[in-house]
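Student: With the input below, show me the fold.
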Amino acid sequence: LAFCRGRIVRVPKGPLIRVVGTEVAIPCSVSDYDGPSEQNFDWEFSRETDFVRIVSTWDSTFTSEEYQKRVGRGDIKLRRSSNDAVELVIRNIQPADQGRYKCSTPSTDATVQGNYDAEVQVKVISDGLSVSGSKARSSTSLRLSEGDSFKLRCSAVTTSPEHTHLHVTWQIKSGSSWQDILSLTHEGKFQPGPGYEERYRSGDVRLDTGANDTYRLSVSQASSADGGAYRCLVSEWVRGVDGSWQKIQEKSVEIATVSIQRTDVVISTSNVSVTERDSLDLTCNITTDRSGIFQAEVMWYFSASPDDTLSDAQLLLSMDHDSVVSDSTLISLSHVDRNSYRLLVRDVDVEDSGYYFCEAAIWVPLHNGSWHKVVERTSAPVSVVVIALEPDYDVFLNASKTPKFSDDPTELNCRITNVQDTEANVRFSVSWYYRQHLPGDEAVAEELLASMDADWTLLPGDRGRERIQNGEIIFSKKSADTFSLRIQWTSESDRGDYFCVISAWSRHRNNSWVKSKDVTSASVNIFWATQDYTLTVEAVKLKPFFVAGHTFEMTCKVSSKNIKTPRYSVLITAEKPFTDQSNPNGTTRIISLNQDSVVRLEDWTDQTRVDGVVLEKVQENEFRYRMYQTQISDAGLYRCVVTAWSPGGGGMWREAVNGLSNPIQIDFQTSGPVFNVSVHSDSPTIYQGEVADLLCIVTMEGMPLEPDDMSFDVSWFAVRSFALDREPVLLASLDRRGIVTQSRRNGSSDLSLERISPLEFRLRVHGCEDHDFGNHYCVVTPWVQSATGVWQREPDIKAKPIFLSVKMDVLNAFKYPLLIGIGLATVIGLLSCLIGYCSSRWCCKKEVQETRRERRRLMSMEMD
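Tutor: Predicted coordinates:
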């Protein structure tokens, strides 16, 4: 292929048949060449044998003398289509131009390969094509109505000596350009133009052939778009040697100018306003110049929006072309004259407000007696507003019950007065609103309390919805003209302005109710003067002097102002010194009595004195607190915390105000001993598995006591951290009766707690583990027996913690694993030796026959 490659010059295969007087363009191209991309071309012509130079792309002196005038006038020229292709254009070709045309290209190749010229034969034939209209005059005018049909004829014949085909196209002038309607191609196929495909498939546009070489265009259902100038465009085609079709000439003739009279549908009136219960009268007019026999089909539509389509609109009434009207009770359709149709709607309602439009279709009779619809139009919508008949009435709001105190009832009555122009199909409903009353001109939005619909169904608003459901707010209809609002228990948040809105509802023809009018009443202000609640509490100590073991008594007297029928709840609290370890916050809730006189122990945890505190109600405003067998640990400030309650809605009590009494102090002046506590250990660092000994040592200063006159509660705690930043964990406790209590443990270590002397207590941790490390301390509660034989509890004493460290014994930890490993290795080695010996002795024994070898001495080195 590389050796065969070379320059190729191509021209069309001949002969090329052209019609005299037409323009001829002969293309020539070159490929597979070397050198510059833009190639030059030379054209020559020959009738017999010698070639005459015509024109060149690169040499202006190339043209021979006989062609210089035609080339100079532009009748013959070269038109370059690309760098490697040109066309030889000959205007108004004549029979003398028939012959052979040669296209050649100057060589730009390094080597001469391929062909550098090509020839084509051109044959010039006479013009035998004639195109004309159906009449002698060139064109005619047609005036038609919309929906009519028309036919146009065109005659085309050719007497060409060659075997040619005709291509006939009907065109309409759209603006300044011609648009194809329908064509009969040179291959005998029908081809509709753009936009005419659907009409061609439906048969509204046809092209028929007739006698005497006529071509008839038939158009049915003419519309306004079919108006304009029509022409017949005929082109002559011939098949080339290569089988392709070539157009050799084209002619056209204007046939007719068609004008289409549009049919319009108009409603006689524009926007209409009509009063409710009156009649609505609309007329649909059809504008057409059709003089023949026709019938109209009319349909009236209604829609809520002017932009709705026919599919979205509601069909009211229709009349077909036989004047048959669809059935309706309140709507009638009548034929006023030939082109007018009247719609009458009786007893109109507010729902009839909207947009009305009519659709009209023209039907014409056919030859077989049937009717054919030729045109259909829809009018522009007409706006109809139905003015409702509003009833005339006034609304009056008054308060039949107003609160003087909080939780008093409130009742408002909303009454309809001066009712006029009402009918039996009008009913009233109410909506209640609340507006907070603020001083000044500050605007506050109203809040809907509740409303009623046309069926008097209550619809609660967001404000007070829960109170309405609970029955605290009641809405009712006392009579036909009176609605009431009752608040069972009015609170301070209910103070403000109230007003009602009476709505009138009208019943329509479909028995639905539509709101027609709202009237708002004047507002009523609900307000009562309030004063701040006042509560005073006084605590009194009944026995000014007493000693430990005696009974402590105090009373709390309460007085209040501006509280309606109050009740009181009392709480006794004690503020202990901060040395009390049982309550580091300082305040203890002891006992309470609520407003229903129910007593409850709060934070009293002394199980030995469960009945040691009593709180009782002496009078309605006086309460007494007793504490039996007082202990030294009971020292502190005692108060009465009183809460005043007032009756609320639904039998509930509402908290009004709180009060705190003056403090009553319990202080024991004693000259007894002073106790101190410390923790000691001989070995605070131990190894795992050993026993840790921790001693809690109590020392005493001051007045000495006999061992039988003192006792101790001892509790051991541990904090599992170095910095005491975690919660302490109770390990074990020993009470003064000698009962030991241990907390639950997760590890394998065990605890023991014992008293080894009257003032020493020992905690042992057996089999210590790594999680037993941490800070350990003890808390001691001393108990001292008084001269009267009563045991008094002293404040708790906390010792300074000691840190216990648990280490691992590496030798003991690895001793047994090492001995076991060495023993197993020794056993396995001896067993392996035994197996090897047995195998070589009995299992793998072979008897080898040895040959005797001659024993010779070795030769010395010197003799070698």
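
Student: Kindly list the longest helix within the chain.
Tutor: If you go by DSSP state H, the chain has its longest helix at helix 810-838.

Student: and residue 643, what does it touch?
Tutor: By C-beta atoms under 8 Å, 6 or more residues apart in numbering, the residues touching residue 643 are 568-569, 571, 595, 655-659. C-beta here means a position set from N, CA and C on the backbone, and glycine is covered the same way.

Student: Mind listing residues that contact stretch 111-118?
Tutor: 5-11, 28, 32, 102-107.

Student: For that stretch, buried residues please.
Tutor: In terms of neighbour count (16 or more other C-beta atoms under 10 Å), stretch 111-118 has its buried residues at 113-114, 116, 118.

Student: With stretch 407-422 instead?
Tutor: When burial is assessed from 16+ other C-beta under 10 Å, stretch 407-422 yields the following buried residues: 407-408, 410-416, 422.

Student: quick one on the thing from earlier: out of the contacts of residue 643, which are inside strands?
Tutor: If you go by DSSP state E, these have 568-569, 571, 655-659 in strands.

Student: Okay, domains of the chain per the record?
Tutor: Per the TED database, the structural domains of the chain span 7-125, 129-261, 264-387, 392-526, 534-666, 674-809.

Student: among those, which is nearest residue 825?
Tutor: domain 674-809 (24.5 Å; C-beta to C-beta).

Student: same question for that closest one, mean pLDDT?
Tutor: Averaging pLDDT along domain 674-809 gives 86.

Student: and if you look at stretch 414-424?
Tutor: What stretch 414-424 shows for mean pLDDT is 77.

Student: now swap in stretch 508-526 and tell me
Tutor: 83.

Student: So which bits of that stretch are buried?
Tutor: Neighbour-count burial for stretch 508-526 [16+ other C-beta under 10 Å]: 513, 516-517, 519, 521, 523-524, 526.

Student: Please apply the same query to stretch 544-563.
Tutor: In stretch 544-563, counting by 16+ other C-beta under 10 Å, buried: 548-549, 552-558, 560, 563.

Student: got the buried residues for stretch 783-798?
Tutor: 783-784, 791-797.

Student: In strands only, show me those residues.
Tutor: Among these, DSSP E puts 783-784, 791-793, 797 in strands.

Student: So which of these is the closest to residue 821?
Tutor: Residue 821 has its nearest neighbour among those in residue 797, at 53.9 Å by C-beta to C-beta.

Student: any idea how far residue 712 is from that closest one?
Tutor: 9 Å (C-beta to C-beta, to the nearest Å).

Student: hey, what's in contact with both of the two?
Tutor: The contact lists of residue 797 and residue 712 share 780-782, where a contact means C-beta under 8 Å, 6+ apart.

Student: which one of those sits closest to residue 203?
Tutor: For those, the nearest to residue 203 is residue 781 (116.9 Å; C-beta to C-beta).

Student: Can you spell out which residues form a bridge with that closest one?
Tutor: Counting by DSSP bridges, residue 781 is bridged to residue 713.

Student: Spit out the contact partners of it.
Tutor: 712-713, 793-797.

Student: What's the separation between residue 10 and residue 97?
Tutor: Distance, residue 10 to residue 97, by C-beta to C-beta: 21 Å.

Student: With neighbour numbers in mind, choose between these two.
Tutor: residue 97 (18 against 15; other C-beta atoms under 10 Å).

Student: Would you check that the more buried one makes contact with residue 76?
Tutor: No - Residue 97 is beyond contact range of residue 76, at 9.1 Å (criterion: C-beta atoms under 8 Å).

Student: which residues do those two both contact?
Tutor: residue 90.

Student: Show me which of the buried residues of stretch 111-118 is closest to residue 378.
Tutor: residue 118 (66.2 Å).

Student: Which of the buried residues of stretch 508-526 fall in strands?
Tutor: 513, 516-517, 519, 524, 526.

Student: Any buried residues in stretch 601-621, and which?
Tutor: Across stretch 601-621, burial judged by 16+ other C-beta under 10 Å covers 604, 609, 612-613, 615, 621.

Student: which residues in the stretch 1-150 of the chain form strands?
Tutor: For the stretch 1-150 of the chain, the strands defined by DSSP state E, counting those that start in this stretch occupy 8-10, 16-19, 24-31, 42-46, 52-56, 76-82, 85-90, 99-104, 117-125, 129-133, 140-145, 150-158.

Student: For residue 285, give its distance to residue 337.
Tutor: From residue 285 to residue 337 the distance is 9 Å (C-beta to C-beta).

Student: got the contact list for the residue most central in space within the chain?
Tutor: By C-alpha atoms, centre = their mean, the mean C-alpha position of the chain lies nearest to residue 462, the distance being 26.0 Å. Residues in contact with residue 462 (C-beta under 8 Å, 6+ apart) are 447-448.

Student: and residue 768, what helix or strand is that in?
Tutor: Assigned by DSSP states H and E, residue 768 falls within no helix or strand.

Student: if we can go back for a sec, compare the strands of the stretch 1-150 of the chain and say which comes out lowest on pLDDT.
Tutor: strand 140-145 (a mean of 84).

Student: strands paired with it, and their directions?
Tutor: strand 245-261 (parallel).

Student: how about the strand it pairs with: buried residues?
Tutor: Those would be 248-250, 253, 255-256, 258, 260-261, for strand 245-261 by 16+ other C-beta under 10 Å.

Student: orientation of that strand relative to strand 117-125 in degrees?
Tutor: 50 degrees (axes from the mean of the first three to the mean of the last three C-alpha atoms, to 10 degrees).

Student: How far away from the center of its chain is the helix or strand just after strand 245-261?
Tutor: Going down the chain from strand 245-261, the next helix or strand is strand 264-267, by DSSP H and E. Strand 264-267 sits 47 Å away from the centroid of its parent chain (C-alpha atoms, centre = their mean, to the nearest Å).

Student: who's in contact with strand 264-267?
Tutor: 282-288, 356-360, 377-380, 382.

Student: nearest to residue 745, of the shared contacts of residue 797 and residue 712?
Tutor: Using C-beta to C-beta, the shared contacts of residue 797 and residue 712 come closest to residue 745 at residue 780, 22.6 Å.

Student: what residues are up against the closest one?
Tutor: Residue 780 neighbours (C-beta under 8 Å, 6+ apart): 675, 677, 696, 698, 712-714, 796-797, 799.

Student: ok, it to residue 743 distance?
Tutor: 18 Å.

Student: same deal with residue 155?
Tutor: For residue 155 relative to residue 743 (C-beta to C-beta), the value is 124 Å.

Student: for the stretch 151-300 of the chain, what spans make up the strands?
Tutor: So, for the stretch 151-300 of the chain - with DSSP E, counting those that start in this stretch - the strands run 164-174, 177-184, 190-192, 205-210, 214-219, 228-239, 245-261, 264-267, 272-275, 280-287, 295-303.

Student: so which of those comes closest to residue 589?
Tutor: strand 295-303 (75.7 Å).

Student: Using the three-state scheme, assign the residue lying closest to residue 770 once chain neighbours are set aside.
Tutor: Of all residues not flanking residue 770 in the chain, residue 806 sits nearest, at 5.4 Å (C-beta to C-beta, 6 or more residues apart in numbering). The local conformation at residue 806, judged by DSSP: H, G, I helix; E, B strand; the rest coil, is strand.

Student: related to what we said a few turns ago, now the strands of the stretch 151-300 of the chain in JSON lines, with mean pLDDT and distance to residue 771?
Tutor: What follows is the strands of the stretch 151-300 of the chain, written out as JSON lines (pLDDT from 0 to 100; distance: least, C-beta to C-beta, whole Å):
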{"stretch": "strand 164-174", "mean pLDDT": "91", "distance to residue 771": "101"}
{"stretch": "strand 177-184", "mean pLDDT": "93", "distance to residue 771": "100"}
{"stretch": "strand 190-192", "mean pLDDT": "93", "distance to residue 771": "98"}
{"stretch": "strand 205-210", "mean pLDDT": "91", "distance to residue 771": "102"}
{"stretch": "strand 214-219", "mean pLDDT": "92", "distance to residue 771": "107"}
{"stretch": "strand 228-239", "mean pLDDT": "92", "distance to residue 771": "106"}
{"stretch": "strand 245-261", "mean pLDDT": "89", "distance to residue 771": "105"}
{"stretch": "strand 264-267", "mean pLDDT": "70", "distance to residue 771": "99"}
{"stretch": "strand 272-275", "mean pLDDT": "84", "distance to residue 771": "95"}
{"stretch": "strand 280-287", "mean pLDDT": "86", "distance to residue 771": "97"}
{"stretch": "strand 295-303", "mean pLDDT": "87", "distance to residue 771": "86"}
